[in-house]
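Engineer: Any chance you can model this:
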Amino acid sequence: MKASTRAQVRKTTNRFIMRPYRRIPTWYFYYYMSGDLVGKGVVTNLSYSGMRVLGDHAMRPGTDLTVRLTLEEDKPPLEIERVTVQWVKEAEFGLKIVKISPSAATRIAHLLAFQARAHRGES
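Structural biologist: Numbering: from 1, shown residues only. Model prediction:
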């Protein structure tokens, strides 16, 4: 391998990317759908731009899904029209939010703000 090629590989594999938003630990049940596939699982952390989930179907990076997330038992589920699978590690995978309605984005924002305050001990 040429020295310039090794330098390019090092640059791309050692990149550190800061998340734009802090992820909040959660334990919400969700369903995910793509074509004929319907799966269920648990959201283990959530941010404005994505989530880490456990699911009951093997997924591939690049797959687009629709997600229905149960945040509160007495309210309808929150629907995210399109997320994309970013990475997969066995039954765990990362989802990037691609298309979400303003009302669903507002619900997530309120939930994250509430959880952040609770985590800091504020009332």
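
Engineer: List the contacts of stretch 87-99.
Structural biologist: The contact list for stretch 87-99, computed with CB atoms under 8 Å, 6 or more residues apart in numbering, reads 41, 44, 48-56, 58-61, 64-65, 67, 80-86. Just so you know, the C-beta spots here come from the backbone N, C-alpha and C atoms, and that holds for glycine as well.

Engineer: Of those, grab the buried ones for PyMOL.
Structural biologist: Applying 16 or more other CB atoms under 10 Å to those, the buried members can be selected in PyMOL as follows:
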select buried, resi 41+50+51+52+53+55+59+65+67+80+83+84+85
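
Engineer: quick one: which of the contacts of stretch 87-99 sit in strands?
Structural biologist: 41, 44, 50-55, 64-65, 67, 80-86 (DSSP state E).

Engineer: What distance do you get for the closest residue in space to Val67 that isn't next to it in sequence to Ser49?
Structural biologist: Spatial nearest neighbour of Val67, excluding adjacent residues (CB to CB, 6 or more residues apart in numbering): Ile80 at 4.4 Å. Note on Ile80: its distance to Ser49, by CB to CB, to the nearest Å, is 11 Å.

Engineer: and the gap between the spatially most central residue of the chain and Arg120?
Structural biologist: Closest to where the C-alpha atoms of the chain average out (CA atoms, centre = their mean) is Met51, at 1.8 Å. According to CB to CB, Met51 stands 21 Å off from Arg120.
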